[in-house]
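Enquirer: sequence isn't available, so here's the structure alone:
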């Protein structure tokens, strides 16, 4: 207008300035408030998106559902493409691309590049600095961020790999647990300050929600592992139960065999008792009759005495076998009676007299005066004394001495002692 002022009159110039003033006034009163209202409304809508996101995300179960819902929310709100979410694995060694949301032609490229299975090392210098920066990073602004300018060389390949324009770190308790990469807008417009503010608020809310989702996934995983352990334990219990049942059946079979063997043993002992005792009693009886005959010389009487002694000894061995079988079966009984101690000793000496004379042993019997009679099982006491005397005679050298002593002890029982010795040699 300044160039035309020399061609216009002063009134025309004043009129034009007046019109410009009216337009400016109208802009301030009507157009500017509407523009501000539009920007304020968009900001309000972005904040409402965050509120709705928090309400809906609470209903989701697992990190996979949360990832899908987060990527859908960012895509629909910011009209963005190529949205990836990287999660820190359990070993905290890599960030793994778990999910990718893309509705453009880039989806085909992703499949060809197999970008969904990409892994980024957790010790990447850019990610380490990103954890300390903890803010939304624009690809074009890395050079102007002091904390990230030194790792620009590592940041560029990271952004290029995901075709990203924005990188959103998600931290929980100062630990980087996830990274969201966002590609360009569909309308090719740049991201403004309200978009950055929305993402900053989103990552703050997402940190707690994502941590809970990861915890939920861990619980589900542990539950599945526990169910697997329970199945293994059940199968192991069934297997061990089957083994125990088989062992039980084998044990039952063994018990049947043992009972049968015990029955056969009892039957054998009963038959042996009958079949052997009968002829032995006849032999012993006839030997006693022959020993009383008067027309026998000394040698014949000696032979008959040997027959009688051997028969009695064999009968006692049979009785011992039967007694052992009774002890094993728990059916051993005792017949208590009062009898003379001296009489029992005399009977045992008479049985062993042949062995004593043959070895020319000197036999000494010393029975304490206080020991006259006892109450016990006569047969078993006689067997005990006979066994002691037989051992003494057997292991004492020829022309040795065998001493049999019986004394009463402080406990009230009779103590029997036998000694065999020759000169200074003694065997107990």
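Expert: Noted; the coordinates are in hand. Small disclaimer: the values here were computed from a predicted structure and weren't measured.

Enquirer: and the strands in the chain, which stretches?
Expert: Using DSSP state E, the strands of the chain run over 83-88, 94-101, 119-121, 137-138, 166-172, 175-182, 336-340, 362-367, 373-377, 401-408, 414-422, 425-427.

Enquirer: for the stretch 1-150 of the chain, which spans come out with low pLDDT?
Expert: Where the stretch 1-150 of the chain drops to pLDDT under 70, the residues are 1-10, 24-44, 98-117.

Enquirer: give the burial count for the closest residue to residue 137 other than its chain neighbours, as a bare number.
Expert: Here the nearest residue to residue 137 in space, its sequence neighbours aside, is residue 167; by Cβ to Cβ, 6 or more residues apart in numbering that works out to 4.5 Å. Every C-beta, even on glycine, is put in place using the N, C-alpha and C of the backbone. By the criterion of other Cβ atoms under 10 Å, residue 167 has 27 neighbours.

Enquirer: tell me the pLDDT at residue 165?
Expert: Reported pLDDT at residue 165 in the predicted model: 92.

Enquirer: how about it, phi and psi?
Expert: With angles defined as degrees, to the nearest 10, residue 165 sits at phi -110, psi -30.

Enquirer: how much space between it and residue 96?
Expert: 22 Å (Cβ to Cβ, to the nearest Å).

Enquirer: quick one: which of these two has more around it?
Expert: Counted by other Cβ under 10 Å, residue 165 and residue 96 do not tie: residue 165 has more neighbours, with 20 against 14.

Enquirer: what sits against the more buried one?
Expert: Contact analysis of residue 165 by Cβ atoms under 8 Å, 6 or more residues apart in numbering lists 138, 139, 140, 159, 182, 183, 184, 191.

Enquirer: residue 265 versus that one, what's the distance?
Expert: Distance from residue 165 to residue 265, by Cβ to Cβ: 97 Å.

Enquirer: with residue 251 instead?
Expert: 20 Å.

Enquirer: and what of residue 290?
Expert: For residue 290 relative to residue 265 (Cβ to Cβ), the value is 36 Å.

Enquirer: ok, residue 242 next?
Expert: Counting by Cβ to Cβ, the gap from residue 242 to residue 265 is 34 Å.

Enquirer: residue 80 pairs with what?
Expert: Beta-bridge partners for residue 80, by DSSP bridges, are residue 185.

Enquirer: thought it was touching residue 72?
Expert: No - at 11.1 Å, residue 80 does not count as touching residue 72 under the criterion of Cβ atoms under 8 Å.

Enquirer: okay, these two: which has more neighbours?
Expert: Set residue 80 next to residue 72 and count neighbours by other Cβ under 10 Å: residue 80 wins out with 22 against 12.

Enquirer: tell me who's in contact with the more buried one.
Expert: Contact analysis of residue 80 by Cβ under 8 Å, 6+ apart lists 74, 182, 183, 184, 185, 186.

Enquirer: now residue 295. Its backbone dihedrals?
Expert: phi -90, psi 20.

Enquirer: burial count for it?
Expert: Residue 295 has 5 neighbours, counted by other Cβ under 10 Å.

Enquirer: repeat for residue 13
Expert: The burial count for residue 13: 14, using other Cβ under 10 Å.

Enquirer: circling back: top of the contacts of residue 80 by number of neighbours, please.
Expert: residue 182 (26 neighbours).

Enquirer: correct me if wrong: residue 374 contacts residue 338.
Expert: Yes - when contacts are counted by Cβ under 8 Å, residue 374 is listed as touching residue 338 (7.1 Å).

Enquirer: between the two, which one's more packed in?
Expert: Legend: neighbour count by other Cβ under 10 Å for residue 374 and residue 338, higher for residue 374 (18 against 9).

Enquirer: specify the beta-bridge partners of that one.
Expert: As for beta bridges, residue 374 partners with residue 339 under DSSP bridges.

Enquirer: quick one, what contacts it?
Expert: By Cβ under 8 Å, 6+ apart, the neighbours of residue 374 are 338, 339, 341, 381, 414.

Enquirer: against residue 376, how distant is the third one?
Expert: Plainly put, residue 341 is 10 Å away from residue 376 if you go by Cβ to Cβ.

Enquirer: and what of the first one?
Expert: Shown here: residue 338 relative to residue 376, a distance of 9 Å by Cβ to Cβ.

Enquirer: check residue 210 too.
Expert: 91 Å.

Enquirer: cool, residue 83 as well?
Expert: Counting by Cβ to Cβ - residue 83 and residue 376 are separated by 104 Å.

Enquirer: grab the nearest non-local neighbour of residue 207.
Expert: Once flanking residues are discounted, residue 207 sits nearest to residue 172: 4.6 Å by Cβ to Cβ, 6+ apart.

Enquirer: returning to that earlier point: in TSV: the strands of the chain, plus distance to residue 59.
Expert: Shown next, in TSV, are the strands of the chain (distance: least, Cβ to Cβ, whole Å):
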stretch	distance to residue 59
strand 83-88	19
strand 94-101	18
strand 119-121	30
strand 137-138	31
strand 166-172	20
strand 175-182	20
strand 336-340	91
strand 362-367	105
strand 373-377	91
strand 401-408	97
strand 414-422	94
strand 425-427	98
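
Enquirer: ranking these by burial, who's on top?
Expert: Highest mean neighbour count of the strands of the chain: strand 83-88, a mean of 23 (counted as mean count of other Cβ atoms under 10 Å).

Enquirer: other SSEs contacting that strand?
Expert: Applying 3 or more Cβ pairs under 8 Å, 6 or more residues apart in numbering; DSSP states H and E, we find strand 83-88 packed against helix 63-78, strand 94-101, strand 175-182.

Enquirer: repeat the analysis, applying 10 Å as the threshold.
Expert: For strand 83-88, the packing partners by 3 or more Cβ pairs under 10 Å, 6 or more residues apart in numbering; DSSP states H and E come out as helix 63-78, strand 94-101, strand 119-121, strand 166-172, strand 175-182, helix 193-291.

Enquirer: can you give me the offset of that strand from its chain's centre?
Expert: 37 Å (Cα atoms, centre = their mean, to the nearest Å).

Enquirer: what's the angle from that strand to strand 166-172?
Expert: 30 degrees (axes from the mean of the first three to the mean of the last three Cα atoms, to 10 degrees).
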